[in-house]
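S.K.: What would the 3D arrangement of this be:
(one chain, ligands or ions: 1)
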Amino acid sequence: MSANNSPAGQNPATYDSAFMKACRREPVPHTPVWFMRQAGRSLPEYRKVREGTAMLESCMMPELVTEITLQPVRRHKVDAAIYFSDIVVPLKAIGIDLDIKPGIGPVVANPIRSRADLAQLRDLTPDDVSYVTQAIGMLTAELGSTPLIGFAGAPFTLASYLVEGGPSRNHEHTKALMYGDPQLWADLLDRLAEITGAFLKVQIEAGASAVQLFDSWVGALAPADYRRSVMPASQKVFDAVASYGVPRIHFGVGTGELLGLMGEAGADVMGVDWRVPMDEAVRRVGPGKALQGNLDPAVLFSTREAIEAKTDEVLDAAAGLEGHIFNLGHGVLPSTDPEALTRLVEHVHTRTAR
Ligand SMILES: Cc1c2[nH]c(c1CCC(=O)O)Cc1[nH]c(c(CCC(=O)O)c1C)Cc1[nH]c(c(CCC(=O)O)c1C)Cc1[nH]c(c(C)c1CCC(=O)O)C2
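M.R.: A predicted model of the protein is given here:
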């Protein structure tokens, strides 16, 4: 039994934190803050511990993952940790030949473009990612009442790397497959939904308090194509973890036109990039969901006064909504001054203290 009202399956230590309350749209002592990509190259202590270890290799080292995940929590006093990993880790774990190239991103040796290529995608079992279970166990012990957010890439964004073979501006091969062979596309996304659902379950079972599904590049699609060709797979991922009752966050870049549909796919919290003001995002998402966002990460390169003014704009636009989690509109840019991030957390906490 726990001291609070945390339901079975949820971490009682983090249940009453500001972050978890905001996800549930309950009153909070202050607006909680965390940053996408808060762990990583903006921190000198990250660059130091990563020296000489390749990105994917580091994701499989539980002690290193634990240290890197904790670094921004210690330094910035953010309200949540995000598990240090990458969206391609579960694909690597089932044997896909891929690497993360510095300054480029994930690169896939044999892109998936035919039915025969689908055979590369076998089911993921907890044994494939035992280092994740191990690292999350270590992390939750260290984090105490600070929630750990687990995450995965959404089927469309994973498919875009697998089909293109790497990062892509126009997603031409991905769209060629989506429009040209709708059945193969649907089967590919369904396979990825199975893998992603299984991967999120591993993280929740290990102790993650919430999960975020990153559909970073789905903003490349029109709403009708999203609804027809992507939404069923994202829905399947959210359904796979629904019974745990942990908050499910959904986010993509440039998804202003998709916010309503992405919410409908099953999110409890919708992430918003900086292109849509929070008060407009509430109208697009509709009632019953918390919102996360949405300071332009490039604003952090401006003056202290400008950063505070732009932050206040976000807070004011979000003032009327139930459940606001402050975040950037996308990940921390690698050359961001970490002190600007620490000051930002402090500013949001002070200005929203109730
Ligand atoms: C699209 C995507 C990827 N990876 C991810 C996404 C979705 C989030 C988003 O939209 O930004 C998710 C991700 N990747 C990483 C995290 C860490 C957790 C956190 O947010 O702090 C998270 C949440 C670490 C990483 N993932 C990567 C790095 C940089 C590699 C390094 O530090 O050596 C980090 C810290 C590599 C990576 N991996 C990917 C890219 C585009 C890159 C950057 C390439 C580069 O600029 O070098 C694919």
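
S.K.: next structured bit after the helix or strand containing Phe19?
M.R.: Using DSSP states H and E, Phe19 falls within helix 18-23. Elements were assigned by DSSP H and E; along the chain past helix 18-23, the next helix or strand is helix 44-50.

S.K.: other SSEs contacting that following helix?
M.R.: helix 62-76 (3 or more CB pairs under 8 Å, 6 or more residues apart in numbering; DSSP states H and E). All C-beta atoms are positioned from the backbone trio N, CA, C, and that covers glycine.

S.K.: for the helix it packs on, which positions count as buried?
M.R.: Of all the residues in helix 62-76, those buried under the rule 16 or more other CB atoms under 10 Å are 62, 64-73, 75-76.

S.K.: Could you dump those residues into TSV with distance to Asn4 and pLDDT added?
M.R.: Below are those laid out as TSV (distance: CB to CB, whole Å; pLDDT from 0 to 100):
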residue	distance to Asn4	pLDDT
Pro62	29	98
Leu64	33	98
Val65	28	98
Thr66	26	98
Glu67	29	98
Ile68	30	98
Thr69	24	98
Leu70	24	98
Gln71	28	98
Pro72	26	98
Val73	21	98
Arg75	28	98
His76	26	98
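
S.K.: So which bits of the stretch 251-354 of the chain are right by the ligand?
M.R.: Contact residues, the stretch 251-354 of the chain versus the ligand (CB under 6 Å from any ligand atom): Gly331.

S.K.: Just the helices from the stretch 251-354 of the chain, written as ranges.
M.R.: Listed in chain order, the helices of the stretch 251-354 of the chain (DSSP state H, counting those that start in this stretch) span 259-264, 278-285, 304-317, 338-352.

S.K.: Please spell out which residues along the second one are buried.
M.R.: It refers to helix 278-285. Those would be 278, 281-282, 284-285, for helix 278-285 by 16+ other CB under 10 Å.

S.K.: Distance of the closest residue to the ligand within the stretch 201-350 of the chain relative to Pro32?
M.R.: Going by CB to the nearest ligand atom, the ligand is nearest to Ser216 of the stretch 201-350 of the chain, at 3.2 Å. Ser216 is 22 Å from Pro32, where distance means CB to CB, to the nearest Å.

S.K.: So for the two, which residue has more residues nearby?
M.R.: Under the neighbour definition other CB atoms under 10 Å, Ser216 and Pro32 were set side by side, and Pro32 has more, 27 against 21.

S.K.: Spatially central residue for the chain, please.
M.R.: The centroid of the chain falls nearest to Gln212 when counting by CA atoms, centre = their mean (4.0 Å).

S.K.: ok, residues contacting the strand or helix carrying it?
M.R.: Taking DSSP H and E as the criterion, Gln212 maps to strand 210-214. Contacts to strand 210-214, defined as CB atoms under 8 Å, 6 or more residues apart in numbering, come from residues 19-20, 23, 80, 82, 87, 147-154, 157, 196, 200, 203-204, 234, 237-238, 241, 246-252, 267, 269, 271.

S.K.: And for stretch 233-243?
M.R.: Residues external to stretch 233-243 that are found in contact with it (CB under 8 Å, 6+ apart): 152, 154-156, 186, 189-190, 192-194, 196-198, 200-201, 204, 211, 213, 215, 248, 250, 262, 265-267.

S.K.: picking that back up, average pLDDT for whatever helix or strand comes next after the strand holding Gln212?
M.R.: Using DSSP H and E, the helix or strand that follows strand 210-214 in sequence is helix 223-229. On average, the pLDDT along helix 223-229 is 98.

S.K.: repeat for stretch 84-99
M.R.: For stretch 84-99, the mean pLDDT works out to 98.

S.K.: Show me which positions of that stretch end up buried.
M.R.: The neighbour-count check on stretch 84-99 (16+ other CB under 10 Å) flags 84-94, 96, 98-99 as buried.

S.K.: again, but for stretch 220-240
M.R.: Applying 16+ other CB under 10 Å to stretch 220-240 flags 220-221, 225-226, 229-231, 233-234, 236-238, 240 as buried.

S.K.: and if you look at stretch 239-247?
M.R.: Residues 240-241, 244, 246-247 are the ones in stretch 239-247 that count as buried (16+ other CB under 10 Å).

S.K.: Next, format the residues you listed as TSV and append distance to the ligand and secondary structure.
M.R.: Output for the buried residues of stretch 239-247, formatted as TSV (distance: CB to the nearest ligand atom, whole Å; DSSP: H, G, I helix; E, B strand; the rest coil):
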residue	distance to the ligand	secondary structure
Ala240	19	helix
Val241	17	helix
Tyr244	20	helix
Val246	17	coil
Pro247	16	coil
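
S.K.: From those residues, pick the one nearest Arg37.
M.R.: Among the buried residues of stretch 239-247, Pro247 lies closest to Arg37 (CB to CB), at 19.6 Å.

S.K.: Now do the same contact list for that closest one.
M.R.: Residues near Pro247 by CB under 8 Å, 6+ apart: 20, 23-24, 209-211, 268-269, 290.

S.K.: Name the nearest of those relative to Val108.
M.R.: Val108 lies nearest to Val211 out of those, by CB to CB, at 24.2 Å.

S.K.: now the residue of the stretch 51-200 of the chain found nearest the ligand: how far from Thr157?
M.R.: Nearest residue of the stretch 51-200 of the chain to the ligand (CB to the nearest ligand atom) works out as Gly105 at 3.6 Å. Distance, Gly105 to Thr157, by CB to CB: 11 Å.
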